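1. Any chance you can model this:
(chains A, B, C and D)
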Protein chains: 2
Amino acid sequence: MGKRSGCAINHALEIFGDRWSLLIVRDMAQKGHTAFSQFRTMSEGIASNILSDRLARLEAAGVISRQPDAQDGRRTRYLLTESGRDLIPVLLDIMAWSFRHDPSVNVSPAMAARIARDRDGLAAEIRAKLDGQ
Amino acid sequence: MGKRSGCAINHALEIFGDRWSLLIVRDMAQKGHTAFSQFRTMSEGIASNILSDRLARLEAAGVISRQPDAQDGRRTRYLLTESGRDLIPVLLDIMAWSFRHDPSVNVSPAMAARIARDRDGLAAEIRAKLDGQ
DNA sequence: CCATTTATGTTGCAAAACGCAACCTAGTTG
DNA sequence: CAACTAGGTTGCGTTTTGCAACATAAATGG
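-> Numbering: from 1, shown residues only, chains lettered A, B, ... in the order given. The predicted model follows:
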């Protein structure tokens, strides 16, 4: 796993520069998903082998953590680490960018306005919901 | 090119959800690169066929524009569109995230502090430099 | 308790994307 | 007009992806 360069953008791309990793983080932040089977239901349709691989990579990168469920031994709980939660503002900015340049995207104008006006406040709200997990 | 979903994050990933596209945008924003041969010198080492493909995709997505050079008919100038320039704040946030969670990355603490304190002002400065092109 | 179902994966295989080196063409320069 | 430069394309082997089937451990239901 030799890194290609010390550039900060490249560093980030080596963690989530693919079509799936950020969608997993999105589902964790937006929907509070924590289970393998929950990620499999995402509308983009991720294959189980790819999901398995991406969860392992995100864990290796320190963006998520994996813990066995105490109540149900079959389950594994995937949670955003501090580093993963810190991606929430980036996710919001990407959503706002997509909306500005293609309003046909599934973002309400109200949400877009909220991100523009108070991104960090919104990020804090999303973060707070995850604290219960 | 059927889209996988209307999600704003997915929309963005269909444009730059790979290991190279954002590095091209980075070189345009950070270094003012406009030529094929300039992008080929990036330290990550992009192959010419991949570069050719990514420039075509970014143009198709409206993030960059391509124009023949008036002075030298061999040259093509690649420039960030408004949509491309609007990615600058996102790039800065990604840089800051990388720095916070891996300080070994090539970002000076001063730059990281500047992004934290005045991201939009910094983005405006970078934008202003591109206006000469 | 034993059969069934659920949750989390792994395996095999075909298709697509990537990476490298060589090659090509139009336009420019000496 | 010969050599060089810029921006690609082509071939080909390697890697990653996507799909479907299968495996395994743990829970649940009768």
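2. Quick check: A:L23 touching B:I9?
-> Yes. With contacts counted by Cβ atoms under 8 Å, A:L23 reaches B:I9, the gap being 6.4 Å. Just so you know, the C-beta spots here come from the backbone N, C-alpha and C atoms, and that holds for glycine as well.
3. so what's A:G2 scoring on pLDDT?
-> Note on A:G2: pLDDT of 65.
4. The one 4 residues further on too?
-> A:G6 carries a pLDDT score of 94 in this model.
5. And it, how far from B:F99?
-> For A:G6, the distance to B:F99 (Cβ to Cβ, to the nearest Å) stands at 11 Å.
6. The two - which one has more neighbours?
-> B:F99 (22 against 14; other Cβ atoms under 10 Å in any protein chain shown).
7. thinking again about what came up before, what is in contact with A:G6 and B:F99 at once?
-> Both A:G6 and B:F99 are in contact with B:V105, where contact means Cβ atoms under 8 Å, 6 or more residues apart in numbering or on different chains.
8. tell me the contacts of the residue nearest the centre of chain A?
-> Note on chain A: the residue nearest the mean C-alpha position is A:V25, at 1.3 Å, using Cα atoms, centre = their mean. Taking Cβ under 8 Å, 6+ apart as the definition of contact, the neighbours of A:V25 are A:F16, A:L58, A:V63, A:I64, A:L80, A:G84, A:L87, A:L91.
9. tell me which element it falls in.
-> Here A:V25, judged by DSSP states H and E, is contained in helix A:21-31.
10. next structured bit after that helix?
-> In N-to-C order, the element after helix A:21-31 by DSSP H and E is helix A:36-40.
11. what about A:Q71, which SS state?
-> coil (DSSP: H, G, I helix; E, B strand; the rest coil).
12. any idea how far the helix holding A:V25 is from the chain center?
-> In terms of Cα atoms, centre = their mean, to the nearest Å, the centre of helix A:21-31 is found 3 Å from the chain centre.
13. Tell me the buried residues in that helix?
-> For helix A:21-31, the buried set under the neighbour-count rule, 16 or more other Cβ atoms under 10 Å in any protein chain shown, comprises A:S21, A:L22, A:L23, A:I24, A:V25, A:R26, A:D27, A:M28, A:A29.
14. Stretch A:79-92 too?
-> Within stretch A:79-92, the residues that qualify as buried by neighbour count (16+ other Cβ under 10 Å) are A:L80, A:T81, A:S83, A:G84, A:R85, A:D86, A:L87, A:I88, A:P89, A:V90, A:L91, A:L92.
15. Let's see the distance spanning that stretch from one end to the other.
-> Between the opening and closing residues of stretch A:79-92 lies a distance of 19 Å (Cα to Cα, to the nearest Å).
16. does chain B sit close to it?
-> Yes. Judged by Cβ under 8 Å from any Cβ of the partner chain, stretch A:79-92 comes into contact with chain B through A:S83, A:D86, A:L87, A:P89, A:V90, A:L91.
17. Among these, which lie within helices?
-> Of the positions in the residues of stretch A:79-92 next to chain B, A:S83, A:P89, A:V90, A:L91 sit in helices, assigned by DSSP state H.
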